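Student: task: produce atomic coordinates for the following.
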Amino acid sequence: MFKKYFYKLENIIAWSQSILTPKQFIFLSSILVGITSGFAVIILKTFAHKVFSFATYINGILKLSFINSILPIIGILLTVFVVKRVLGGTIEKGTSQILYAVAKKASIIPRKQMYAQIITSSLTVGLGGSAGLESPIVITGAAFGSNYAQRYKLSYKDRTLLIGCGVAAGIAAAFNAPIAGVLFAIEVLLVDVSISAFTPIMIAAAAGTLVSLIALDESILLSFKRKEIFDYHFIPYYILLGTLTGFISIYYARNFQRIEHIFTHLRFSPYKKALIGASILAVIIFIFPALFGEGYESIKILSEKNPSQLLDNTLFSSYQNNDWVLLVFIGFTMMLKVFASGITLGSGGNGGNFAPSLFLGSYAGYLFSKFLNLTGLTHLPISNFTMVGMAGILSGLFHAPLTAIFLIAEITGGYDLMIPLMIVTSISFAISKRFEKHSMDVKPLVRKGNVFTTNKDTNILSTLDTNSIIQTDFLTISPDENLEKLVDLISHSNQVIFAVVDKEMHLIGIVHFNNIREIIFNNFRVKHTLVKEIMTPTIDIIYPADSMETVMNKFEKSRVTFLPVLKNGKYYGFISKATTLEAYRAKLKFMTIE
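Tutor: Residues are numbered from 1 along each chain as shown. Model prediction:
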């Protein structure tokens, strides 16, 4: 029955494509991708919330948090099982794969990502893994957009645009924050889009948000009703909070990378690795139950009037009336979040760092403001600092200050905190950028040598293959030949540069036509001059494995128009600067999203 309706829908869409203009069809497609991404959010969020509610209910009966420790072990082991038995043994994690698909794979995202992320992240995070659902949501939305575009044979530009639509709709639906969804898609993923591309992305974000509003229980979403009026007298403290969140972002980014590195190099089977990691996570969650799952429920508790509820059913429940014990507990929970998230993902679970960044930020904001209040130095609005702290960490980790500002503004129901949000996010971003050149999304690409940055030229150059522009049909000459031989080669070819090689094709030097222009009209000199007497040494060498950015840097440094290429230590061909620039212009035209 489902297949029947699915095929009918496909026929309707195909018919619509035949009667609509390309732009009109993109608008229709953005709505459909937005709605689909919205439903993916509903499935993920509802499942995760139900499991958390179940665990909380059991804890209320047993008065001990051991169930919170058992569920993550089950979830991570089930995730590894599904990956091995259902998904072919591998699954790409993190939004960096979207950047890679756009830059290197012509915006083609595998079909399995339309369901793989939903299944695995539901098991991991839904059963208590200390990670977020936003990254899987974003990847799922991007996969919907890419595969939809492939199904209806849309161009690379349109595929990329619909990927952005899926991403924007996913974030918008997850937080009921359409503006933040649009900004995340553009600021983090699609770093170079024209103004006209905003419209489909905005339509998709609105569609995703509408689906979420209609079908998703508001209590599942991260939203705040309690905030206090902004007082400009507290600006110095917001500056300090921005500095603090900037350094905490660096702490999280570096330690998360170290934990992932440790698990990557463990020589155990996937199941054994999962069991070891999940067991460590279980101990951490047993002591600090707030690290269970996404952590959004604890963020809400922290922003309300009774944050001591965080100590309920914990080993420290007898200290609920002691503010200093609560503060220490919150501090340790905050610092351990990176280890809980790193272990969750490193041991085989699936999720992302978006929710952990919000968790970390809320705890940092609360810790900072509550500590100053307890010392009697001032009386800060704790709820405001808790919410603004989230924007600080989000901006620092993802290098996305605009997304951070508008996300918190939207989930708090207004823009009263706009000034402190701008202060904290800009300072946090500046500090993080100073010490961490790449964001959490880009770091995995950097480690693999696939740097993707906000620099448009660098991104385009990274998509070009050096081997594709090497010219291997250039004629060569021996160093012991006289110039008569060289003149003969020039007269029968359109070459202006020649590689001078020995019998084993080792490069000795090069001869450029401009260097012998005056000699070739002197018959005596042509006849009695050897090539080795007028050849010049090579300034820079290109290797097939060099990136195009490296090639362009060598052209810039040497100030020549041709560079020789060596392969396995022997002459292989030449790369022309003109050919390289032509390939760049063609790729630029191809990749421009309009």
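Student: can you spell out which helices and strands pack onto the helix or strand that contains Ala253?
Tutor: Taking DSSP states H and E as the definition, Ala253 sits inside helix 235-264. Identification of packing neighbours for helix 235-264 by 3 or more C-beta pairs under 8 Å, 6 or more residues apart in numbering; DSSP states H and E yields helix 323-346, helix 354-375, helix 382-398, helix 418-435. In short, each C-beta sits where N, CA and C put it, glycine included.
Student: out of those, deepest packed?
Tutor: Most buried of the helices and strands packed on helix 235-264 by mean neighbour count (mean count of other C-beta atoms under 10 Å) is helix 382-398; its value is a mean of 30.
Student: just to check, Thr561 is in contact with Ile575?
Tutor: No. In this structure Thr561 lies outside contact range of Ile575 using C-beta atoms under 8 Å: 9.9 Å.
Student: between those two, who's got more neighbours?
Tutor: Between Thr561 and Ile575, counted using other C-beta atoms under 10 Å, the more crowded position is Ile575 (22 against 16).
Student: name the element the residue lying farthest from the centre of the chain belongs to?
Tutor: Residue farthest from the centre of the chain, counting by C-alpha atoms, centre = their mean, is Phe524 at 65.6 Å. Assigned by DSSP H and E, Phe524 belongs to helix 523-528.
Student: looking at that helix now, give me its mean pLDDT.
Tutor: Mean per-residue pLDDT for helix 523-528: 74.
Student: buried ones in whichever helix or strand comes after it?
Tutor: On the C-terminal side of helix 523-528, the closest following helix or strand by DSSP H and E is helix 531-534. By neighbour count on 16 or more other C-beta atoms under 10 Å, the buried set for helix 531-534 is 531, 534.
Student: downstream of helix 531-534, the next helix or strand is which one?
Tutor: Assigned by DSSP H and E, the successor of helix 531-534 is helix 548-558.
Student: contacts for that next one, please.
Tutor: The contact list for helix 548-558 (C-beta atoms under 8 Å, 6 or more residues apart in numbering) reads 458, 461-462, 464-466, 539-540, 542, 546, 561, 563, 575, 577, 580.
Student: for ChimeraX, what selects the buried ones among those?
Tutor: In ChimeraX syntax, the buried subset of those is picked out as below (16+ other C-beta under 10 Å):
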select :461,462,464,466,542,546,561,563,575,577,580
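Student: check what pLDDT Val500 gets.
Tutor: 88.
Student: and Thr579, how far from Val551?
Tutor: Counting by C-beta to C-beta, to the nearest Å, the separation of Thr579 from Val551 is 11 Å.
Student: actually Ala169, not the one I wrote
Tutor: Look at Ala169 and Val551: by C-beta to C-beta, they are 39 Å apart.
Student: name the residue in these two with the higher neighbour count.
Tutor: Using other C-beta under 10 Å, the more surrounded residue of Ala169 and Val551 is Ala169, with 40 against 23.
Student: ok, for the more buried one, nearest residue in space, not its chain neighbours?
Tutor: Spatially, and ignoring its direct neighbours in sequence, Ala169 is nearest to Gly208 (3.1 Å; C-beta to C-beta, 6 or more residues apart in numbering).
Student: quick one: low-confidence parts of the stretch 301-450 of the chain?
Tutor: The stretch 301-450 of the chain contains residues with pLDDT under 70 at 305, 414, 446-450.
Student: repeat that for the stretch 101-250 of the chain.
Tutor: Low-confidence segments of the stretch 101-250 of the chain, defined by pLDDT under 70: 191-196, 218-219, 224-227.
Student: ok, now which ones touch Asn482?
Tutor: Going by C-beta under 8 Å, 6+ apart, Asn482 touches 526-531.
Student: buried residues in stretch 555-568?
Tutor: 555, 561-567.
Student: for stretch 114-133, that is, sorry about that
Tutor: Of the residues in stretch 114-133, 114, 116-133 count as buried by neighbour count, 16+ other C-beta under 10 Å.
Student: quick one: the helices in the stretch 101-250 of the chain, in order.
Tutor: With helices called from DSSP state H, counting those that start in this stretch, the stretch 101-250 of the chain shows them at 113-126, 134-151, 156-175, 178-184, 198-215, 235-264.
Student: which elements pack onto the fifth one?
Tutor: Contact analysis of helix 198-215 by 3+ C-beta pairs under 8 Å, 6+ apart lists helix 22-62, helix 156-175, helix 178-184 as its packing neighbours.
Student: among the ones you listed, which is nearest Phe268?
Tutor: When the helices and strands packed on helix 198-215 are compared by C-beta to C-beta, helix 22-62 sits nearest Phe268, at 27.3 Å.
Student: and that closest one, what does it pack against?
Tutor: Counting by 3+ C-beta pairs under 8 Å, 6+ apart, helix 22-62 packs on helix 2-19, helix 66-85, helix 113-126, helix 134-151, helix 156-175, helix 198-215.
Student: 10 Å instead?
Tutor: Other helices and strands packing on helix 22-62, by 3 or more C-beta pairs under 10 Å, 6 or more residues apart in numbering; DSSP states H and E, are helix 2-19, helix 66-85, helix 113-126, helix 134-151, helix 156-175, helix 178-184, helix 198-215, helix 296-303.
Student: output these as JSON lines; include the columns distance to Phe435.
Tutor: Below are the helices and strands packed on helix 22-62 laid out as JSON lines (distance: least, C-beta to C-beta, whole Å):
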{"stretch": "helix 2-19", "distance to Phe435": "48"}
{"stretch": "helix 66-85", "distance to Phe435": "31"}
{"stretch": "helix 113-126", "distance to Phe435": "29"}
{"stretch": "helix 134-151", "distance to Phe435": "23"}
{"stretch": "helix 156-175", "distance to Phe435": "26"}
{"stretch": "helix 178-184", "distance to Phe435": "23"}
{"stretch": "helix 198-215", "distance to Phe435": "31"}
{"stretch": "helix 296-303", "distance to Phe435": "26"}
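Student: most tightly surrounded among the ones you listed?
Tutor: Per-stretch averages of neighbours, counted by mean count of other C-beta under 10 Å, single out helix 156-175 among those, with a mean of 30.
Student: what angle do helix 354-375 and that helix make with each other?
Tutor: With axes from the mean of the first three to the mean of the last three C-alpha atoms, to 10 degrees applied, the angle from helix 156-175 to helix 354-375 works out at 40 degrees.
Student: for stretch 503-518, buried residues please.
Tutor: 507-512, 516.
Student: what is the nearest of those residues to Tyr271?
Tutor: Closest to Tyr271, out of all of these and judged by C-beta to C-beta, is Leu507, at 52.5 Å.
Student: can you pull the pLDDT of that closest one?
Tutor: For Leu507, the pLDDT comes out at 88.
Student: just to revisit the earlier point, from the contacts of Asn482, which is closest to Asp217?
Tutor: Val531 (81.1 Å).
Student: how much space between that closest one and Thr90?
Tutor: Val531 is 54 Å from Thr90, by C-beta to C-beta.
Student: over to Lys84?
Tutor: Going from Lys84 to Thr90 by C-beta to C-beta gives 9 Å.
Student: and what of Tyr148?
Tutor: Noted for Tyr148: a distance of 24 Å to Thr90, by C-beta to C-beta.
Student: for Gln471, same thing?
Tutor: Using C-beta to C-beta, Gln471 is found at 37 Å from Thr90.
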